[in-house]
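A.B. asks: Just need the structure, nothing else, for what follows:
(chains A and B)
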Amino acid sequence: MTLPAISVRKLVKRFGQTPVLQDIDLDIPEGKVSCLIGPSGSGKSTLLRCLAFLEEASEGMITVNGEALGFFENARNERERLPAGQIRTVRSQIGMVFQQFNLWPHMTALGNVSEALKTVHKVPKKEAEARAMAQLVKVGLENRAGHYPSQLSGGQQQRVAIARALALSPKIMLFDEPTSALDPELTGEVLTVMRDLAAEGMTMVVVSHEIGFAATIGHQISFLDQGRLILTGAPATVFAKPRHPRLEQFLDTYLDRGASMLA
Amino acid sequence: MSFKLFNLLVQASAWTIGISAISIAIGFLLALVLSAALLSGKALYRRPAEFFISFFRGVPLLVQLLLIYNLLPFIGLNVPSIVAAIIGMSLCTAAYQAENLRGGFESVPRGLVEAADMVGFTPRQVFLRIKVPIALRLTFPALVNEAIMILKSSSLVSVVGIVEITRMAQDLASSTYLPIEIFSSAALIYLVICWSVALAGRFGERALPGGAK
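C.D. replies: Modelled structure (predicted):
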């Protein structure tokens, strides 16, 4: 068995006194699409943000391709925070796509995609822009390279955001409800890009309300409820009847959101 | 009222514009430091900045100018009145601009910073490449507003003996007995200057990268 791309052990996350994630153990297989599903407030987005180290877990460990992310266990078995530079190095294997796109409004599409290559990796401007352009071609937006985010539709902005993450050649891509902020007719173009990426064998972790997408593209489905991981498995097993009662209840409420095919 | 009188007012406006422009520029640099102190999260930096701002926002500019003009010679610094005027105006506008900048930096959406964190920016790169440009964009209309306020407030430096538009108008009015014509002309000149600044501001806003077209 190969090493998982991301491994989560005994993860606990509290906001103040309130626990939002409890005892999470999860392996993200390499080269597969893992989907986190669950009702609002179940903690799925928080879990994804912990994987990106945008939220710091209160307890537990996360390793990315065997390297500790954020915290490690020192010789005295204490949990210790890694230095900022090391956190950046481990995190550089991870690309993140946000619900609200989070494109930088003062840069063009090409600027958004080439910025980190230039600023962080010191790639010469010309080469950085050529590489950025290649990513824009990949998401079908080469003719929008000079547009600012305010001049693009939501779907186009999200595709630029995907290109921005891909430009740094991450090993793992995290998607935090990538289509939730989009008009229904614009979700298709984003899902198509994600489908292509999955077909290339990219390791992906997707938090989504698109149950249909999760069921058809996902290799591993994890269902969270009230901060706990209820079950994890292949879609065929997770969605097979008889289902876990809480999953059944959750799917009922999402029948009109693409899950009808599973009814 | 002769063209010659009007021309004297126009010449005096060079002082108005010059003092205002220099004060706004110095004030902006001071405001950057002050807002950084306000946002530093360290009481050691924040408290003095807060004190500075509440003093210069809480005391009338006229009183500040008279205080500085009389205080500097008292502590042995004999500076020309123009320097006293610029110091007073710079400190005053710095206090207002610092509050604007603080608001701008605090309004930079967190997600834009997270996106920069995710692609490996250091905190310094996040500050220079993301926070500063976006905060400046958010603050720009307030900055133009402040420039206009300072242009008009510069009429107060007449009390420390600088012959800018207002002082020139007062002098001319008392020597020519044409107060209505002269003060109307002064008003017109102020109006043209402030309109130009507002217009330039609007163009500037549109020219900022990614701004609404």
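A.B. asks: my read is residue A:35 is in a strand, agree?
C.D. replies: Yes - counting by DSSP: H, G, I helix; E, B strand; the rest coil, residue A:35 is found in a strand.
A.B. asks: Now do residue A:250, the pLDDT please.
C.D. replies: The score at residue A:250 is 89. That number is its pLDDT.
A.B. asks: ok, and for stretch A:70-83, which residues are buried?
C.D. replies: Residues of stretch A:70-83 classed as buried by neighbour count (16 or more other C-beta atoms under 10 Å in any protein chain shown): A:70, A:71, A:82. Bear in mind the C-beta positions are built from the backbone N, C-alpha and C, glycine included.
A.B. asks: From these, pick the one nearest residue A:184.
C.D. replies: Closest approach to residue A:184 among the buried residues of stretch A:70-83 (C-beta to C-beta): residue A:70, at 36.6 Å.
A.B. asks: Please give me every residue in contact with the closest one.
C.D. replies: Residue A:70 is in contact with A:53, A:56, A:57, A:62, A:81, A:82, A:87, A:90, counting by C-beta atoms under 8 Å, 6 or more residues apart in numbering or on different chains.
A.B. asks: So which residues of chain B form helices?
C.D. replies: B:3-39, B:43-58, B:61-74, B:81-106, B:110-118, B:123-125, B:132-153, B:165-176, B:179-207 (DSSP state H).
A.B. asks: The shortest one close to chain A?
C.D. replies: Yes - counting by C-beta under 8 Å from any C-beta of the partner chain, chain A is contacted by helix B:123-125 at B:123, B:125.
A.B. asks: repeat for the fifth one
C.D. replies: Yes - between helix B:110-118 and chain A, judged by C-beta under 8 Å from any C-beta, the touching residues are B:111, B:112, B:114, B:115, B:116, B:117, B:118.
A.B. asks: Which of the residues you listed ranks first by neighbour count?
C.D. replies: Tallying neighbours with other C-beta atoms under 10 Å in any protein chain shown puts residue B:115 at the head of the residues of helix B:110-118 next to chain A, with 28 neighbours.
A.B. asks: Which residues are in contact with the closest residue to that residue other than its chain neighbours?
C.D. replies: Nearest non-adjacent residue to residue B:115, counting by C-beta to C-beta, 6 or more residues apart in numbering or on different chains: residue A:102, 4.0 Å away. Neighbour list for residue A:102: A:161, B:109, B:111, B:112, B:114, B:115 [criterion: C-beta under 8 Å, 6+ apart].
A.B. asks: Show me the contact partners of stretch B:66-86.
C.D. replies: Contact with stretch B:66-86 is made by B:19, B:22-23, B:26, B:59, B:65, B:87-88, B:157, B:159-162, as judged by C-beta under 8 Å, 6+ apart.
A.B. asks: Now the buried members of these.
C.D. replies: By neighbour count, with 16+ other C-beta under 10 Å, the contacts of stretch B:66-86 hold B:19, B:23, B:26, B:65, B:87, B:88, B:157, B:160, B:162 as buried.
A.B. asks: Turn those residues into JSON lines, columns for distance to chain A and pLDDT.
C.D. replies: Converted to JSON lines, these look like this (distance: C-beta to the nearest C-beta, whole Å; pLDDT from 0 to 100):
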{"residue": "B:19", "distance to chain A": "32", "pLDDT": "96"}
{"residue": "B:23", "distance to chain A": "28", "pLDDT": "97"}
{"residue": "B:26", "distance to chain A": "26", "pLDDT": "97"}
{"residue": "B:65", "distance to chain A": "38", "pLDDT": "93"}
{"residue": "B:87", "distance to chain A": "34", "pLDDT": "94"}
{"residue": "B:88", "distance to chain A": "35", "pLDDT": "94"}
{"residue": "B:157", "distance to chain A": "36", "pLDDT": "93"}
{"residue": "B:160", "distance to chain A": "41", "pLDDT": "88"}
{"residue": "B:162", "distance to chain A": "39", "pLDDT": "91"}
